[in-house]
Each structure stands twice: as structure tokens, then as C-alpha cells.
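1. Only the shape, not the letters, is given here:
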């Protein structure tokens, strides 16, 4: 047994949307693959990993890193699957590392956030909401909670093809590499970027991923 407290951390709690629909084993494999991609780009103090049933969790030193991980995870799973992301800023207490038992205000707030997102599915005009932030740290930026749902709204409006191109941009690939991965011409990919205003979206996501 051990107990370790870390203040000023951001806990990320992820819940799969409509997780009971489809092949559960295939879902688990998809989550593992998406987590691997996410952890390679956004290594947390605790790596993002599946926990119980359809949930995942990770711990990050900043809100920006947690948001970067959330964006990467979603783009790795869309359009086949989507997730709700609750981010909680505050103390994270590791009670038992071997058994992955944790507690603390960061986790309580992350749970509050993801539950809030789930409730929005029944509220008119908020069906696209997938992310919420409840940040109790001194460096918290209250406006961030509303801003992340602008990203959610834009993602919900994109076609499967546009999501593929966006994932490539978010991964830092150039136009030719994205086109090759998508199986289209470079010109067609450029049209996707322009037609869907993807560059401002990527810039907004990148800016949010730098938050303290």
C-alpha cells in the first residue's frame, strides 16, 4: 500500500458514448489502439488507459496536456466511436499504485464534468457536447470550459472524410502525407481543408492544448 498526493494536476475521465452497442471486444481493442496513439503524443503522469467497463482515465500536469490527449483520443476513434471527456483540476491522491486506486478533488471534479456532459444529450442545442472542465486549481481559466464545446460543435458538423483530414492535420502531417493516408489526391485533400475551414479549428485545438 502507498499514498501519494499531487496537487495542481488534471484528471481526465473518459466515458464511451453508446458503449453497449456493437461488439464489446472490438470496442476494447479500439480503445487500446487509440490510447496507444494518444499516449505517444501526450504522455501523462499516469498514461491514459481503460479501467472499468467503458471508461478510461489518465492524469496530466496541465489542462492543456489533458485537452490535447482528449482531442487526440477522439480523433483516433471517430467516426466509428465517440467519447465523453470530463477534466478535473485539483489534487490527485494515489492510494494504491499496484491496484490503480486513486482519489482526490481532481477525480471528483472529473466525474462531475463527465456526468454533466452525459446529461447534455437530453438538452436542446447541446447534443454535440462531449467535453467539460471543472477546474479547482488557482491557475484555472474559467472560459476554457465553454471554449472546448465550440470544438465539440465543429467536430460534430464534420463528415467522415473531413474528420480523416482533420486527424492528419492534428497529427502534424503535411498535405501530401494526409492525401496518401486518405487515399485521395493532394488537391482533393486541400479542398477538404478549405471547404471545412479545418485550419482555424486545428489552431484553436492547438491553443487550448497549451493552457496551464
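-> Arrived safely. Note that this is a predicted model, so its numbers are computed, not measured.

2. What pairs with the least confident helix or strand in the chain by mean pLDDT, parallel or antiparallel?
-> Every helix and strand of the chain was ranked by mean pLDDT, DSSP states H and E. The lowest is strand 101-103, at a mean of 77. Paired neighbours of strand 101-103 in the sheet (DSSP bridges): strand 83-96 (antiparallel).

3. Rounded mean pLDDT for the partner strand, please.
-> Strand 83-96 shows a mean pLDDT of 92 in the predicted model.

4. now swap in stretch 141-156 and tell me
-> Averaging pLDDT along stretch 141-156 yields 97.

5. With stretch 56-68 instead?
-> Rounded mean pLDDT across stretch 56-68 is 97.

6. hmm, who's touching stretch 105-121?
-> The set of residues external to stretch 105-121 that reach it, using C-beta atoms under 8 Å, 6 or more residues apart in numbering, is 9-15, 57, 59, 84-92, 126-127, 129-136. Any C-beta I mention is one placed from the backbone N, CA and C, and that applies to glycine too.

7. From those residues, keep the buried residues only.
-> Buried residues within those, defined by neighbour count using 16 or more other C-beta atoms under 10 Å: 9-15, 57, 59, 84-92, 129-135.

8. contacting residues for the residue nearest to the spatial centre of the chain?
-> Centrality entry for the chain: nearest residue to the mean C-alpha point is residue 70, 1.4 Å, by C-alpha atoms, centre = their mean. Going by C-beta under 8 Å, 6+ apart, residue 70 touches 12, 14, 85, 87, 131.

9. Quick check: of these, which lies closest to residue 37?
-> Nearest to residue 37 among the contacts of residue 70: residue 14, at 13.8 Å, using C-beta to C-beta.

10. Could you list everything that closest one pairs with in the sheet?
-> residue 56, residue 85.

11. residue boundaries of the strands in this protein?
-> Counting by DSSP state E, the segments of the chain that form strands are 4-16, 46-50, 55-60, 83-96, 101-103, 131-135.

12. Go through those and name the closest to residue 185.
-> Of all the strands of the chain, strand 83-96 comes closest under C-beta to C-beta, at 31.9 Å.

13. and the angle for the closest one with strand 4-16?
-> Angle, strand 83-96 to strand 4-16, by axes from the mean of the first three to the mean of the last three C-alpha atoms, to 10 degrees: 150 degrees.

14. rewinding a little: output the strands of the chain as JSON lines; include the columns distance to residue 186.
-> Shown next, in JSON lines, are these (distance: least, C-beta to C-beta, whole Å):
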{"stretch": "strand 4-16", "distance to residue 186": "34"}
{"stretch": "strand 46-50", "distance to residue 186": "33"}
{"stretch": "strand 55-60", "distance to residue 186": "35"}
{"stretch": "strand 83-96", "distance to residue 186": "31"}
{"stretch": "strand 101-103", "distance to residue 186": "46"}
{"stretch": "strand 131-135", "distance to residue 186": "32"}
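
15. Ok, which of the ones you listed comes nearest residue 151?
-> The closest of the strands of the chain to residue 151 is strand 131-135. By C-beta to C-beta, the value is 7.3 Å.

16. tell me what that closest one is packed against?
-> helix 63-77, strand 83-96, helix 105-120, helix 144-157 (3 or more C-beta pairs under 8 Å, 6 or more residues apart in numbering; DSSP states H and E).

17. Need the ones you listed in CSV (columns: distance to residue 211).
-> Listed next are those as CSV, based on distance: least, C-beta to C-beta, whole Å:
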stretch, distance to residue 211
helix 63-77, 4
strand 83-96, 10
helix 105-120, 15
helix 144-157, 6
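
18. Having no further points to raise, I will conclude here.
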